[in-house]
Each structure stands twice: as structure tokens, then as C-alpha cells.
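> Model the following, please.
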Amino acid sequence: MKRISYIVYFMGLFLIGACGNEAETAQEPGHREEEAHEEENPASAELTEEQYQVAGITLGKPQLRNLSNTLTLTGKLDLPPQNMASVTAPLGGFIRKTQVLEGTYVKKGDLLATIENPEFVTLQEDYLKEKNRLDYLELEYKRQQELHEEQVSSAKTYQQTVAEYRSVQTRVQALQERLAIIGITNGSLRSGKIRRILPLHAPLEGYITYVKADVGQYVAPTDVLFRIADTDHLHVELTVFEKDLTSLRKGQVVRYSLPGESAAQREATIFLIGKEISPERTVQVHAHMEEEDKDLVPGMYVQAQVALDDKQVLALPETAVVQENNTSFVFLYTGQEQEGNALMKKFRMVPVVRGVEQGGFVQVALPAGVDTATGNFVTKGAYSLLSKMRNAENEGGHGH
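This next block holds a predicted model:
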């Protein structure tokens, strides 16, 4: 019986040991998977020295910089009313000659077109008739005045002469003003030359921005034939929503860019803030350009930024921050390590919150525990590193 008991005892020990080995064997694959997962951390990357050079990566530390909260606005280039002119034919008529095109630079008084209208002839004829009559009445007025003073003629005759003289005088002055509107002066009419075709001159110096005048075309007095813009005093006109209006004041600097320009390098200064809110709940704000450019065209689209305040913030170059899945990241350099014959440079993706952006730098808020004083970050070539990292993942590698 004792012998049987010993056999059962040793068999129990053997079974317990075997179960323990099986449990240990069952746990070992899971443990290895965890270690492999740590090795294949999707937030880490490593490059060889050659890959590092090809990617053009440079390292640097975050810096405290004066960046401003900026208000981004849109608008256009505009001119004050006194620097724009619409040219019409005051009495209408038929266009007989024109040679100007859009973009033509004209000086004040230059010929834009000639207009023919029978009413020109009638108007000049009426003026000459009334002028001759006025000359006669002036002599008669002086004669009747002398007779009246000598009490030779009656008071009634003298008063009738004075009334008629003043009436014709008024008529002549009115006709002079009508002739002046179409460009005819007294001097040109006194020579006795009546014209049916009259010139249309430029009222100011500038560029022709609009032309709607064909030879033989009849135009009414309300038809705009030409528009002229004097671009010497272009300014920036911005559209500001009423909620942002309290952030603006006269004297603030505006940095703006024109179509085709990647950065807002031009500057203007706010000089006028509108006092009327449009139906779209916007207000027009005007800014003087620091450097005027006569080659620019009124109406050009403008994208602008207004600096609201200056403060020191932790910032990295814009090229240091990458975007993936609506999240911003930077790459922290974690050192280098010898792997076989290759020296591997290692990096870790760190999520950041973007803040103010200005002058090629962006404010970044880093997670707690990231040492910004000693840590080196990728400041150039970050997107190249991200691309290499993701390509390696797709190929089943380890980010190198």
C-alpha cells in the first residue's frame, strides 16, 4: 500500500508540472505579440544616414517669438471717387471717330471720340441769334437810358427796354452754359463757325478701363462710353463682418497679397472705417497702400491679414508641422542607434495644437512631458519623413 501511495504522489507532481509548462507555453506567444507591437509603434520612425540626407531634414528647437493674433479679411483694390470718371455724350449723338482701347493711358484733355448731332447746330444757331440781339438791345438800352435821364422818353419805354435787355441777357448766358457742356466756348463761336461734329475729351489723366463706343453708333446722354481710372491713389478696400469691427482701429497695419502671390508681403495702413452696415452685416474698411503701384488695376482681389496683438509664444517653422487625419504633428528626434552596419536616426511623432501663424512660423502647444529646452525637432523635411514612415508601414517594415 505504501508503494502505491508513492506512485500516485509522483504521478500528481508530474501532472502539475506538465500543466504549468502548458500554461507558460500558452502565454509566450501573446507576450511576443505585445513586444512586436511595441517594436512596430506607428508613431515612430527611423532613417539611415543616407535617407536622412536625401530627405533634407534639419533639426531645431522651439523658440519664443512675437506672433500676433491675426484677422483674415478679403477685399479689393479701389479708387476714391475723384480718381475715377465716366465719360458720356451730354446731348447724345452718333459716334463718328474713336481710337482709344481699354488699357490706353490718356492725359486730361486728350481726344477720346467725336460726336455728331443736329442739335449741336440748332444750339449754336440759337446762341448766335440771341447774342446778336443782345448786342442790339445793349445799344438800345444805353440810348434809352440817356433819353430817360434827359426826360426825353417816357418811363414806360425805358422800363420795357431794360426788361427786354435783361431777358435776352439771361437767355444768352443760359445758351453759353449749354454750349460749355458740349465743349463749345464763346471764342470758337464768335468766328462764325458752326459745327455739327464735336470732340469728347478726357476729363482726367489715367487709364481707360472701359470702352463702349463704336463708330456709327447712336448714344444717349445716359450711356457711359468710357471709364478712366487715375491709379495714382489706389487703396485697399476690405470687407469686415460686424462681429470683427471692434478689433479694428485707425493706424493698424494690414498685410495683403494679390492674385498669384503666395505670401502677404505688401503693407497698408487703415485710415477709414465705414459707418454703415450692409444687408450682409458687413462694413467697408479702407487702407492706404505703403507703396503705390500704378500698374495695378482697380477691382483686383485682395487677401489680407490684420495683426490684432503681439505676444511671445512657443513657435516652430511652418515646415515643422504636418497634418494627418485632421491632427497636427511634429517629429521629435530621439537619438541614433547602431543596427548592424547601419546607424539609424530615430524620430517620434508628437501631436500638437496649432495656434497663431505669422511670418512662416506657427505657435505650437506640446504635450506635457516633452522637454522643449533640450529636445530637437524636425524643422525641415517633416513631410518627407512622414511619407517614408507611412510607406514603410504599407510595405510591412519598421519605418526605415
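> separation between Glu356 and Ser68?
For the record, residue 356 is Val, not Glu. Computed as CB to CB, to the nearest Å, the Val356 to Ser68 distance reads 7 Å. In this view, the C-beta of every residue, glycine as well, is placed from N, C-alpha and C.
> correction: Lys380
24 Å.
> Compare those two (neighbour count), which wins?
Comparing Lys380 with Ser68 by other CB atoms under 10 Å, the one with more neighbours is Ser68, at 18 against 15.
> Next up, the contacts around Leu332.
Taking CB atoms under 8 Å, 6 or more residues apart in numbering, we find Leu332 in contact with 347-350, 370, 375-377.
> what's the answer for Leu343, then?
Leu343 sits next to 48-49, 336-337 when contact means CB under 8 Å, 6+ apart.
> do Lys346 as well
44-46, 333-337.
> count of residues packed around Val302?
Using other CB under 10 Å, Val302 is surrounded by 23 other residues.
> which element is it on?
strand 301-317 (DSSP states H and E).
> you'd agree Phe331 is up against Thr379?
No: shown here, Phe331 and Thr379 do not form a contact pair, counting by CB atoms under 8 Å, at 9.4 Å.
> So between these two, which is more surrounded?
Using other CB under 10 Å as the criterion, Phe331 and Thr379 rank with Phe331 on top: 26 against 20.
> Give me the next element, helix or strand, following the helix or strand harbouring that one.
Element membership for Phe331, per DSSP H and E: strand 327-339. Using DSSP H and E, the next helix or strand after strand 327-339 towards the C-terminus is strand 342-358.
> what's the offset of the helix or strand following that following strand from the middle of its chain?
Sequence order places strand 361-365 as the next helix or strand after strand 342-358, per DSSP H and E. Its chain's C-alpha centre and that of strand 361-365 lie 25 Å apart, by CA atoms, centre = their mean, to the nearest Å.
> Just the residues contacting strand 361-365, thanks.
Strand 361-365 is contacted by residues 62, 65, 67, 313-318, 320-321, 328, 330, 352-357 when judged by CB under 8 Å, 6+ apart.
> If we use 6 Å, what do you get?
65, 67, 313, 315-318, 321, 352-356 (CB atoms under 6 Å, 6 or more residues apart in numbering).
> which stretches of the stretch 251-400 of the chain aren't confidently modelled?
310, 392-400 (pLDDT under 70).
> re earlier: just checking: what are the partner strands of the strand holding Phe331?
Each strand that pairs with strand 327-339, with its direction, by DSSP bridges: strand 322-324 (antiparallel), strand 342-358 (antiparallel), strand 376-380 (antiparallel).
> Any idea how far the last one is from the middle of the chain?
The reference is to strand 376-380. With CA atoms, centre = their mean, you get 33 Å for strand 376-380.
> next SSE after it?
Note on strand 376-380: by DSSP H and E, the next helix or strand toward the C-terminus is helix 382-394.
> list the helices and strands that next one packs on?
Under the contact criterion of 3 or more CB pairs under 6 Å, 6 or more residues apart in numbering; DSSP states H and E, helix 382-394 touches strand 322-324.
> tell me which residues of the strand it packs on are tucked away?
Val322 (16 or more other CB atoms under 10 Å).
> Stretch 110-125 now?
Residues of stretch 110-125 classed as buried by neighbour count (16+ other CB under 10 Å): 112-117, 120, 123-124.
> and the end-to-end length of it?
By CA to CA, to the nearest Å, the extent of stretch 110-125 from end to end equals 27 Å.
> what's in contact with that stretch?
89, 91, 93-98, 100, 194, 196-200, 202, 213, 226.
> list the contacts for Pro327?
Slight slip there: residue 327 is Thr, not Pro. Pro351.
> quick one: Gln144 is in a helix?
Yes: according to DSSP: H, G, I helix; E, B strand; the rest coil, Gln144 belongs to a helix.
> Hmm, it is touching Tyr158, no?
Yes: contact criterion CB atoms under 6 Å: Gln144 and Tyr158 qualify, at 4.8 Å.
> Which residue of those two possesses the greater neighbour count?
Remark: of Gln144 and Tyr158, Gln144 carries more neighbours, 21 against 17, as counted by other CB under 10 Å.
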